[in-house]
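Chemist: Please work out how this folds:
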Amino acid sequence: MQKKPKAGAASKPTRSKMAAGKVVELAGLVNYAPDSIVSRTIVDNKAGSVTLFAFDAGQNLSEHTAPFDALVQVLDGEGEFTVGGEPHDVGAGQILLMPAGVLHSVKAIVRFKMLLTMLQSKE
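Modeler: Model prediction:
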């Protein structure tokens, strides 16, 4: 017999690619690869997603939009993020919010790792 979820419980469980309740070194969850961009989604649910990226130097993501706000946290190295036509150099320990629906692109000045959190709106 299947148990019913408690009142207020999420109807869909979090789809996670890492063990819950376990401390991990964030930057170590994704590795650099020559001439590549490597990504690893660590959480994906109806509230949004959390994805790690490792960009080799010179790699880029061309201009695009996203349907949700995207919060970038650079963990290692430095990337150039162009948001709405304005370039921003973002280094280790810095964050940048890229608003939903605004054109943006990413370029690796040097190799870098970032954590991307997509935030779905409640509207």
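
Chemist: Show the residue spans covered by the helices in the chain.
Modeler: Using DSSP state H, no helices are found in the chain.

Chemist: Could you list the low-pLDDT ranges of this protein?
Modeler: Low-confidence segments of the chain (pLDDT under 70): 1-17, 122-123.

Chemist: where along it do the strands fall?
Modeler: 15-16, 37-45, 48-55, 60-64, 69-76, 78-83, 86-91, 95-98, 104-108, 112-119 (DSSP state E).

Chemist: Of these, which is nearest residue 24?
Modeler: The closest of the strands of the chain to residue 24 is strand 37-45. By CB to CB, the value is 8.9 Å. All C-beta atoms are positioned from the backbone trio N, CA, C, and that covers glycine.

Chemist: The closest one vs strand 112-119, what angle?
Modeler: Calculated by axes from the mean of the first three to the mean of the last three CA atoms, to 10 degrees, strand 37-45 forms an angle of 30 degrees with strand 112-119.

Chemist: ok so, going back, what would the strands of the chain look like in CSV with distance to residue 25?
Modeler: Output for the strands of the chain, formatted as CSV (distance: least, CB to CB, whole Å):
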stretch, distance to residue 25
strand 15-16, 17
strand 37-45, 12
strand 48-55, 11
strand 60-64, 25
strand 69-76, 10
strand 78-83, 20
strand 86-91, 19
strand 95-98, 19
strand 104-108, 21
strand 112-119, 11
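
Chemist: With mean neighbour count and distance to residue 29 added, can I get those strands in CSV?
Modeler: Output for those, formatted as CSV (neighbours: other CB atoms under 10 Å; distance: least, CB to CB, whole Å):
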stretch, mean neighbour count, distance to residue 29
strand 15-16, 12, 12
strand 37-45, 15, 6
strand 48-55, 21, 5
strand 60-64, 11, 20
strand 69-76, 19, 10
strand 78-83, 18, 18
strand 86-91, 13, 20
strand 95-98, 16, 18
strand 104-108, 20, 18
strand 112-119, 20, 9
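
Chemist: Out of those strands, the one nearest residue 23 is which?
Modeler: Between residue 23 and the strands of the chain, the tightest spacing by CB to CB is seen for strand 37-45, at 13.4 Å.
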